[in-house]
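[1] Fold the stuff below for me.
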Amino acid sequence: MKKKGFIYLIISLLLIATMTFFISKSSLVVTNEERENDPFTETEPSPSNGIGISAYKDDDAPLLDHEYLEVKDGKSDFQLVIHNEVAEERNYGVIVFQDYQQTGFRHQGKDIPIMYEFTAAPQSENVLPIELDIIDDATEVIALIVKDPQVLTEEMDFDKLFFYEQVFAKRYIIEDSSINKELAFSEPSFIYDSVDDQTTILFSPSAEEEFITSSMKSNDDAYLFIGSPFVDEGITYAVIALKDWQQINVTEENDVLYTKVNANENQVYPIKVPEVKKAENLQFIAFPYPYEVWNDRYAFNVEQTVRTVILP
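    From the prediction side, this is the model:
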């Protein structure tokens, strides 16, 4: 009887743990109906990491993720709203891309060639008018949001690395643009089986192992691992590189690396660490399903490596 009671206890604990897992996961799920009524599509649950991102049209109507970006006379504008939901000041940076190329924009009449930076007050709503000239034949516009862009994390502190790793994006297809672009996929140097490994993108000093690194030296050899988050489905990405928040080539041949990864595989691309004269951040950003209207088929519309500090 004691043995049977012990078994029942173990089963009960497993059921409680399972229920707790599903409850915690369900608290992060936003239904389509809720999404229609609430333009928030990027919100971190951690109180110390709280940020809400939303966007609005000229008439103050929500600009939802599946909607097209309107263009008039070759120009487009929208309001990007960043909600700093923590009880402390925080710095943010905003970068704009068209077809995965970093482009300048205007904020309150001022030209922003690289990144707009500002300090958000505690528990504040920050409305940023974004105006941009649409490039000929452009299909997609992206507003990328970076928290505390000035921070360099050279030490191997995983809490800090993962905290500063995450970036956020609002992605919109331009109205009347071509969404049937043929992508020139880049061939990887290595392909590894990765069953039970759903790592999406990782920057490693090793060609054979996925090692997270917080810093590397200029001109070192490194490797970019790219995989699918799904166990039964592949995925396409547009991958870019940012050094000190300015776009650089991902590889010698590619300023934007387009890749199609099968399920349960890792594609590996050799990377030459760029040369710097002072310590600078390097981060690789992967955008799932480039040039497609976002339809919630995947939870994240942007993936990223941890920030790596490049040392002279």
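[2] ok, Arg307 to Ala87 distance?
    Distance from Arg307 to Ala87, counting by Cβ to Cβ, to the nearest Å: 24 Å. In short, each C-beta sits where N, CA and C put it, glycine included.
[3] These two: who's more crowded?
    Using other Cβ atoms under 10 Å as the criterion, Arg307 and Ala87 rank with Arg307 on top: 25 against 10.
[4] Please verify my assumption that the more buried one contacts Glu280.
    No. The criterion here is Cβ atoms under 8 Å, and Arg307 misses it with Glu280 at 10.0 Å.
[5] Identify the contacts common to the two.
    Counting by Cβ atoms under 8 Å, 6 or more residues apart in numbering, the shared contacts of Arg307 and Glu280 are Leu152.
[6] which stretches of the protein form helices?
    For the chain, the helices defined by DSSP state H cover 2-26, 32-37, 158-165.
[7] residues making contact with the last one?
    Yep, that's helix 158-165 we're talking about. 49, 147-148, 151, 153, 212, 214, 283, 304-307.
[8] Just put the residues you listed in CSV and tack on pLDDT and distance to Arg106.
    Shown next, in CSV, are the contacts of helix 158-165 (pLDDT from 0 to 100; distance: Cβ to Cβ, whole Å):
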residue, pLDDT, distance to Arg106
Asn49, 63, 30
Lys147, 95, 23
Asp148, 97, 24
Val151, 97, 27
Thr153, 93, 32
Ile212, 94, 37
Ser214, 96, 35
Gln283, 98, 25
Gln304, 98, 26
Thr305, 98, 30
Val306, 97, 32
Arg307, 97, 28
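[9] Of those - the most surrounded one?
    Busiest of the contacts of helix 158-165 [other Cβ under 10 Å] is Arg307, holding 25 neighbours.
[10] Can you name the residues that contact it?
    151-153, 161, 164-165, 281-283.
[11] any idea which of those residues is closest to Ser228?
    Taking Cβ to Cβ as the measure, Ser228 lies nearest Glu165 of the contacts of Arg307, at 19.3 Å.
[12] Quick check: pLDDT value at the closest one.
    Glu165 carries a pLDDT value of 95.
[13] what's the burial count for it?
    Glu165 has 16 nearby residues by other Cβ under 10 Å.
[14] now it: how far from Ser204?
    Glu165 is 14 Å from Ser204, by Cβ to Cβ.
[15] now Glu154
    17 Å.
[16] And these two? Which one has more around it.
    Neighbour count, other Cβ under 10 Å: between Glu154 and Ser204, Ser204 has more, with 20 against 13.
[17] contacting residues for that one?
    Taking Cβ under 8 Å, 6+ apart, one finds 210-213, 222-225 in contact with Ser204.
[18] one more time with 7 Å
    By Cβ atoms under 7 Å, 6 or more residues apart in numbering, the contact list for Ser204 reads 210-211, 213, 222-223, 225.
[19] nearest spatial neighbour of Lys217, skipping sequence neighbours?
    Excluding the flanking residues, the one nearest Lys217 by Cβ to Cβ, 6 or more residues apart in numbering is Leu311, at 5.4 Å.
[20] Please apply the same query to Ala207.
    Tyr223 (4.8 Å).
[21] Equivalent analysis for Ile135, please.
    In space, Ile135 is closest to Gln98, 4.9 Å off (Cβ to Cβ, 6+ apart).
[22] what is the one you found paired to in the beta sheet?
    On the basis of DSSP bridges, Gln98 is bridged to Gln101, Val141.
[23] What is the burial count for Glu187?
    8.
[24] So what does it look like in phi/psi?
    The phi and psi values for Glu187, taken as degrees, to the nearest 10, are phi -80, psi 130.
[25] quick one: it and Lys272, what's the gap?
    Separation of Glu187 from Lys272 (Cβ to Cβ) stands at 17 Å.
[26] Likewise for Asp58?
    44 Å.
[27] same deal with Ile142?
    26 Å.
[28] Which one of the two is surrounded by more residues?
    Ile142 (24 against 13).
[29] ok, the nearest residue to the more buried one once chain neighbours are set aside - contacts?
    Distances taken as Cβ to Cβ, 6+ apart put Phe97 closest to Ile142, at 4.3 Å, once the chain neighbours are dropped. Taking Cβ under 7 Å, 6+ apart, we find Phe97 in contact with 103, 142, 144.
[30] ok, so of those, who is nearest Val127?
    Leu144 (17.7 Å).
[31] Next up, the contacts around the closest residue to the closest one other than its chain neighbours.
    Excluding the flanking residues, the one nearest Leu144 by Cβ to Cβ, 6+ apart is Ile95, at 4.5 Å. Each residue near Ile95 by Cβ under 7 Å, 6+ apart is listed here: 102, 115, 144, 146, 245.
[32] can you pick the most crowded of those residues?
    Most neighbours among those, by other Cβ under 10 Å: Val146, with 25 neighbours.
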